[in-house]
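**Student:** based on what follows, work out the 3D shape:
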Amino acid sequence: MRHLFTYLIVLAFALTACKTKVSLSGATIPPEAKTISVGFFTNNTSLGAPSLSQRFTEKLRDVVSQQTNLALIKANGDLQFEGYISDYNVSPIAISADQASQNRMTITVSVKYINKFEESKNFEQNFTRFKDVASDKNISSIEPELVQEIYRQLTEDIFNKAFNNW
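**Tutor:** As a prediction, the model looks like this:
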């Protein structure tokens, strides 16, 4: 019984002495980090719906709060995201019979990530994703779904860069 007790104490100490904290998503988070902030991402493009900024900011906030156990605060978190939407466009990508047969919606987000505990993890980077759609579809009517899918991909890329070293 005494050996079992000693074994359990050593095991408990070993588990709490780890330097890295891992979330349920597999993300590597500094153990000192308790808070995260996601600043409002402004829309610096001349196109797109007025709600682009709000929707992107909320999507990134949702991702970090669902995939980490950090407290989401308004500003100056231990880990911080800030930035802006730098490009939003729809352009033809395939032409047949002198007209576009496919269009591509592209969104680029400029992101600055600050890690107060591990400065080597800080970055400033543009993330770009796109979605192709047949030209016979009305972009205006399907824009919310296209933007939602692009935002899902962008926030996944941003999360992976910040927490999974991808």
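
**Student:** show me which helix or strand of the chain is least confident by mean pLDDT.
**Tutor:** The weakest-scoring helix or strand in the chain, judged by mean pLDDT, DSSP states H and E, is strand 21-22 (a mean of 44).

**Student:** counting by contacts, list what the longest helix along the chain packs against.
**Tutor:** Ranked by residue count under DSSP state H, the longest helix found in the chain is helix 139-163. Packing partners of helix 139-163 (3 or more Cβ pairs under 8 Å, 6 or more residues apart in numbering; DSSP states H and E): helix 52-67, strand 79-96, strand 99-115, strand 123-134. C-beta: built from backbone N, CA, C; applies to glycine.

**Student:** following the chain past the first one, name the next helix or strand.
**Tutor:** Spelled out, it's helix 52-67. strand 71-73 (DSSP states H and E).

**Student:** so what are the sheet partners of that next one and their directions?
**Tutor:** Looking at strand 71-73 with DSSP bridges, its partner strands are strand 35-38 (parallel).
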